[in-house]
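Visitor: build me a model from this:
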Amino acid sequence: MAYRKRTGTLYSILIVICVVGFWLFENFYTPASYSKNNNSSTYNDFPKELLPLSSTGEIINHEHFTLSYNEPYEQAEWVAYTLDKSHLTYDDRKRPFFIEDPYVSTKSADYKNYKGSGYDRGHLVPAGDRRFSLQAYNETFYTSNISPQNREFNAGIWNDLEQQTRRWAKKYGRLYVFTGGVLESGLKEIGQEDVDVPNVFYKIIARKKGDKIYTLSFLIPNRPQFTSLQNFVVSIDEIEKKTGIDFFVELPINQQEAFEGSKNTTGWKF
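Guide: Down below sits the predicted model:
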């Protein structure tokens, strides 16, 4: 009888230790990092004057891209990165684990939120654009760089747009790319952390030629699409209206007006 009591007490102690350990892990564990970071300055080569405004003030500067994290939606409201012809290599990279972004003050959402949801962990900065170095590639696997995407959308038209963007980088040289989901009220949520599922994703692509800036932007619903990318071309003004984000805010107003209201695809060969 005494043996049973001791065994029961031991089990109780072990259960308490496990519960406390789990609580400590959930609340104080800091995940490993794929990159060095210093939020007082931007290590990556994205021009500061081209960065959008952040609606949250939570701007994270990784070494190969910058993002603005929106905690209520558990994802980035935008990512910004450069894509150059020299970045487009075919280096074979081992796919790493998705990890929480240690530089987001509230921690980015756990990848487990996506399990069983029916949605892909859709990259905002594509891993395929960052094969040129191990660190650059691994950084794209921070969960701050993913958003729930319909699987056929992710593997279909969204992948088509990513590949087309690479072709433009090869043809025109350095591009400046902005990507995110349209974060708005009433979205479907997944996982224990209520990660919001955007109904629409946007991408803005810009390039410089002398003092002139050429842009092309897209709004694409997060569902299977069976039509041309050109049917989703919109103006930057429309994306700003949908997202509430102000792009190219540091540029003079007259320079913004020269391209933000246009849906013209001239100068962008599909």
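Visitor: just the helices from the stretch 1-150 of the chain, written as ranges.
Guide: Applying DSSP state H, counting those that start in this stretch to the stretch 1-150 of the chain gives helices spanning 2-28, 134-139.
Visitor: which stretches of the protein have low pLDDT?
Guide: 1-32, 35-43 (pLDDT under 70).
Visitor: and it, what are its domains?
Guide: 1-30, 35-259 (automatic domain parsing).
Visitor: now the ones you listed in a markdown table, with mean neighbour count and distance to Gly267?
Guide: C-beta coordinates here come from the backbone N, C-alpha and C atoms, glycine included. Converted to a markdown table, the domains of the chain look like this (neighbours: other Cβ atoms under 10 Å; distance: least, Cβ to Cβ, whole Å):
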| stretch | mean neighbour count | distance to Gly267 |
| --- | --- | --- |
| domain 1-30 | 9 | 46 |
| domain 35-259 | 18 | 5 |
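Visitor: export those as CSV, with columns for distance to Thr265.
Guide: What follows is those, written out as CSV (distance: least, Cβ to Cβ, whole Å):
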stretch, distance to Thr265
domain 1-30, 45
domain 35-259, 6
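Visitor: which one is Ser68 nearest to, not counting chain neighbours?
Guide: In space, and not counting its chain neighbours, Ser68 is closest to Ser54: 3.9 Å by Cβ to Cβ, 6 or more residues apart in numbering.
Visitor: residue contacts, Trp158?
Guide: Trp158 sits next to 122, 149, 201, 220 when contact means Cβ atoms under 8 Å, 6 or more residues apart in numbering.
Visitor: and what of Ile190?
Guide: Here Ile190 is in contact with 113-114, 117, 119, 148, 197 (criterion: Cβ under 8 Å, 6+ apart).
Visitor: for it, which non-adjacent residue is spatially closest?
Guide: Nearest one to Ile190, counting by Cβ to Cβ, 6+ apart, is Ser117 at 4.1 Å.
Visitor: I'd say the one you found and Gly191 touch.
Guide: Yes - between Ser117 and Gly191 there is a contact at 6.6 Å, judged by Cβ atoms under 8 Å.
Visitor: out of the domains of the chain, flag the one nearest Lys269.
Guide: domain 35-259 (6.9 Å; Cβ to Cβ).
Visitor: residue contacts, the residue nearest to Ile190?
Guide: Contact analysis of Ser117 by Cβ under 8 Å, 6+ apart lists 148, 190-191.
Visitor: where along the stretch 1-150 of the chain do the strands fall?
Guide: When secondary structure is read from DSSP state E, counting those that start in this stretch, the stretch 1-150 of the chain shows strands at 59-61, 66-70, 75-83, 119-123, 146-150.
Visitor: parallel or antiparallel, list what pairs with the second one.
Guide: Based on DSSP bridges, the pairing partners of strand 66-70 within the sheet are strand 59-61 (antiparallel), strand 75-83 (antiparallel).
Visitor: dump the ones you listed to a markdown table, plus distance to Arg131.
Guide: Shown next, in a markdown table, are the strands paired with strand 66-70 (distance: least, Cβ to Cβ, whole Å):
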| stretch | distance to Arg131 |
| --- | --- |
| strand 59-61 | 21 |
| strand 75-83 | 12 |
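Visitor: those strands: which one's closest to Tyr214?
Guide: When the strands paired with strand 66-70 are compared (using Cβ to Cβ), the closest one is strand 75-83, at 14.4 Å.
Visitor: make sure Gln163 is indeed in a strand.
Guide: No - applying DSSP: H, G, I helix; E, B strand; the rest coil, one finds Gln163 to be helix, outside a strand.
Visitor: how much space is there between it and Tyr111?
Guide: 25 Å (Cβ to Cβ, to the nearest Å).
Visitor: next one: Phe201
Guide: 19 Å.
Visitor: picking up where we left off before, from the contacts of Trp158, which two are the most distant?
Guide: Gly122 and Ile220 (11.8 Å).
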